[in-house]
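1. give me coordinates for this.
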Amino acid sequence: MHASVGDTLIVHGHIVGQGDRKGQIIEVRGENGAPPFFVRFDDGHEELVYPGPDAVVQPAGP
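-> Residues are numbered from 1 along each chain as shown. I've put the predicted structure just below:
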């Protein structure tokens, strides 16, 4: 998984009724766009994330 600053990280809920979490990647700490990512989620919470298989990166628009 690779990302750039400004991309969106979407972590899919894996429990029935649990929604997805979305956040903007504000820092990429791995080499060449690799994790970990520092993410600001929609609720304002900021966290260092090592994404698992339940996460996808949505590239930022042009």
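2. burial measure for residue 43, as a count.
-> Neighbour count of residue 43, defined by other Cβ atoms under 10 Å: 8. The C-beta positions use only the backbone N, C-alpha and C, and glycine is treated the same way.
3. report the buried residues of the helix or strand encompassing residue 22.
-> Using DSSP states H and E, residue 22 falls within strand 21-28. The neighbour-count check on strand 21-28 (16 or more other Cβ atoms under 10 Å) flags 21, 23, 24, 25, 28 as buried.
4. tell me the contacts of the fourth one?
-> Yep, that's residue 25 we're talking about. Applying Cβ atoms under 8 Å, 6 or more residues apart in numbering, we find residue 25 in contact with 3, 4, 5, 6, 7, 8, 9, 37, 38, 39, 57.
5. give the bridge partners for it, please.
-> Taking DSSP bridges as the rule, residue 25 bridges to residue 39.
6. show the contacting residues for the residue positioned nearest the centre of the chain.
-> Central residue of the chain (Cα atoms, centre = their mean): residue 9, 2.5 Å from the mean position. Neighbour list for residue 9: 3, 22-25, 37, 39, 49, 51, 55-58 [criterion: Cβ under 8 Å, 6+ apart].
7. recalculate using a threshold of 10 Å.
-> Residues counted as contacts of residue 9 (Cβ atoms under 10 Å, 6 or more residues apart in numbering) are 1, 3, 21-25, 35, 37, 39-41, 49, 51, 55-58.
8. and those residues, which of them are buried?
-> 3, 21, 23, 24, 25, 35, 37, 39, 49, 51, 55, 57.
9. roughly how far apart are the fourth one and residue 15?
-> Looking back up the chat, that one is residue 24. 24 Å (Cβ to Cβ, to the nearest Å).
10. in what helix or strand does residue 51 lie?
-> Residue-wise, residue 51 maps onto no helix or strand under DSSP H and E.
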